[in-house]
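J.: sequence unavailable; structure follows:
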């Protein structure tokens, strides 16, 4: 059984209010791992320039990688 790979990019509704939610866009859906990882890497490379708040690589609905990466710091 093949895995279902997706790449999701999120754009904040209001950049001044990160808690105000974000619109998620599926960049690729149901693709093979190699293609999904390529799209994920390409998207992360331009994410800041395109105003993405986050980018996620998912396998079968579970996050495998995400940008930006958690720093481990808490507030």
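T.: Looks like it came in fine. Every value quoted in this text rests on a predicted model; they were computed, and no experiment measured them.
J.: now what about whichever strand in the chain runs longest, what contacts it?
T.: In the chain, with assignment by DSSP state E, the single longest strand is strand 22-31. Strand 22-31 is contacted by residues 4-13, 35-36, 39, 43, 53-54 when judged by Cβ atoms under 8 Å, 6 or more residues apart in numbering. Every C-beta, even on glycine, is put in place using the N, C-alpha and C of the backbone.
J.: and what of stretch 65-73?
T.: Residues contacting stretch 65-73 (Cβ under 8 Å, 6+ apart): 40, 44, 47, 54-57.
J.: mind listing which of these are in helices?
T.: 40, 44, 47 (DSSP state H).
J.: looking at this protein, which helix or strand is least sure?
T.: Here the helix or strand of the chain ranked lowest by mean pLDDT, DSSP states H and E is strand 22-31, holding a mean of 92.
J.: what strands flank that one, and is each parallel or antiparallel?
T.: Take DSSP bridges as the rule and strand 22-31 pairs in its sheet with strand 5-12 (antiparallel).
J.: sketch out the low-pLDDT regions of the chain for me.
T.: 1, 72-75 (pLDDT under 70).
J.: now do 90
T.: 1-2, 13-21, 30-31, 69-75 (pLDDT under 90).
J.: ok, the closest residue to residue 32 other than its chain neighbours - contacts?
T.: Of all residues not flanking residue 32 in the chain, residue 5 sits nearest, at 6.6 Å (Cβ to Cβ, 6 or more residues apart in numbering). If a contact means Cβ under 8 Å, 6+ apart, then residue 5 has 28, 30-33, 35-37, 57-59 as its contacts.
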